[in-house]
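A.B. asks: I'd like to go over a predicted model; first the sequence, then the structure.
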Amino acid sequence: MTDQSKRSSPRDRELAKAVKESKAPAISRAAAILRLLGKSDTPLGLQTIARSLDLVPSTCLYVLRALVVEEFVSFDVNTKRYSLEAGVLTLARDWLRRNQFTDLAQPSLDSISQTFGVTMLGVHIAGLDHIIVVATSQSGQNFQLSAQIGSRFPALISATGRCIAAFGGYSEADLAARFRTLRWDEPPTFDEWRAQVSQTRTQGFAVDAGNYISGVTVVAAPVWKTRANLSHALVGIGIGSALRRAGLPELQDTLLSAAQTLSNQLCGEVSPEWG
């Protein structure tokens with residue numbers, strides 16, 4: 001066993017905490033195990049899984065066996081290790097089939113990506129917990145952010161986080177508590193961030209100019225599934241200097257227009273007024 005497998009990552013500890021605090025522990029344990037296996041590059045043994053999630057090994061084994069029976073997890077009898085099974089694809093496929101956002105957003109993601117030479121993401125917003133990448137488009141140029149379908153990020157991070165803070169209707173106390181947990185390459189102060197959130201509310205889109213990833217500019221525009229439900233965001237990512245040369249204001253305008261059009265398609269109404 002490697003030294004790395006002996007230590008729990010911050011994400012592993014977060015999963016373990018969620019399991020402890022859950023009011024439905026069996027479901028929480030199963031979800032935590034699936035997420036742990038999903039982010040692991042290699043199959044994991046029982047002891048590693050139990051230790052990473054702070055579970056009693058016998059309890060962990062019980063959940064793993066149930067997941068194997070349901071074909072969400074596979075077990076290699078030779079190595080005694082567990083990994084995700086193809087059964088999880090059935091759930092993902094059914095969700096994607098019913099998710100209108102992905103089909104509607106993909107043409108805009110592809111067009112903006114090619115026009116401005118940026119990586120484009122369509123993200124699903126899960127409250128203040130996290131955002132999940134549900135659609136992507138790469139420009140084919142040198143810079144490409146490694147974000148695949150299913151990648152998860154803290155909700156308030158980068159430009160998308162400013163959109164969530166500006167339009168999500170959360171209290172300042174809740175925002176401040178979550179802000180303190182964020183990790184940035186060049187972190188803004190909370191007052192600076194709050195001013196940027198206010199600007200986002202006024203202009204309708206957000207810009208992260210190198211705070212999240214040094215030298216990288218991220219632009220995000222919010223998408224509504226209903227007038228009361230900020231559900232998604234369109235996100236453009238590129239090298240800051242290259243974006244300025246390619247026309248950052250034009251990218252911002254194009255992204256905002258695409259997000260407003262998509263909101264209208266999803267909820268059949270005019271998007272909320274900015275400001």
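C.D. replies: Arrived safely, thanks for sending.
A.B. asks: could you verify that Gln199 is part of a strand?
C.D. replies: No. Per DSSP: H, G, I helix; E, B strand; the rest coil, Gln199 lies outside any strand segment and is helix.
A.B. asks: now do the contacts for it.
C.D. replies: With Cβ atoms under 8 Å, 6 or more residues apart in numbering as the criterion, no residue contacts Gln199. Every residue, glycine included, has its C-beta placed from N, CA and C.
A.B. asks: from Leu91, how far off is it?
C.D. replies: According to Cβ to Cβ, to the nearest Å, Gln199 stands 39 Å off from Leu91.
A.B. asks: how about Thr202?
C.D. replies: Where Leu91 is concerned, Thr202 sits at a distance of 40 Å (Cβ to Cβ).
A.B. asks: for the stretch 151-275 of the chain, give me the ranges with low pLDDT.
C.D. replies: 269-275 (pLDDT under 70).
A.B. asks: ok, now with 80
C.D. replies: Scanning the stretch 151-275 of the chain for pLDDT under 80 picks out 227-229, 246, 268-275.
A.B. asks: can you point out the buried residues in stretch 64-78?
C.D. replies: 64, 67, 72-75 (16 or more other Cβ atoms under 10 Å).
A.B. asks: ok, now stretch 123-139?
C.D. replies: By neighbour count on 16+ other Cβ under 10 Å, the buried set for stretch 123-139 is 123-125, 128, 130-139.
A.B. asks: quick check, nearest of those to Val235?
C.D. replies: Val235 lies nearest to Val123 out of those, by Cβ to Cβ, at 6.0 Å.
A.B. asks: other SSEs contacting the strand or helix carrying that closest one?
C.D. replies: Taking DSSP states H and E as the definition, Val123 sits inside strand 119-126. Applying 3 or more Cβ pairs under 8 Å, 6 or more residues apart in numbering; DSSP states H and E, we find strand 119-126 packed against helix 100-116, strand 130-137, helix 158-167, strand 229-239.
A.B. asks: mind listing residues that contact it?
C.D. replies: For strand 119-126, with Cβ under 8 Å, 6+ apart as the criterion, the contacting residues are 101-102, 105-106, 109-110, 112-113, 131-139, 143-145, 147, 153, 155, 160, 164, 168, 230-238.
A.B. asks: just to revisit the earlier point, ok, so of the buried residues of stretch 123-139, who is nearest Leu36?
C.D. replies: Minimum distance to Leu36 across the buried residues of stretch 123-139 is 15.4 Å, recorded for His130 (Cβ to Cβ).
A.B. asks: wouldn't the closest one be in contact with Ser151 here?
C.D. replies: No. Contact criterion Cβ atoms under 8 Å: His130 and Ser151 do not qualify, at 9.9 Å.
A.B. asks: could you check the pLDDT of Gln148?
C.D. replies: Gln148 carries a pLDDT score of 80 in this model.
A.B. asks: a strand runs through it, doesn't it?
C.D. replies: No. With three-state DSSP as the criterion, Gln148 is assigned coil and is not in a strand.
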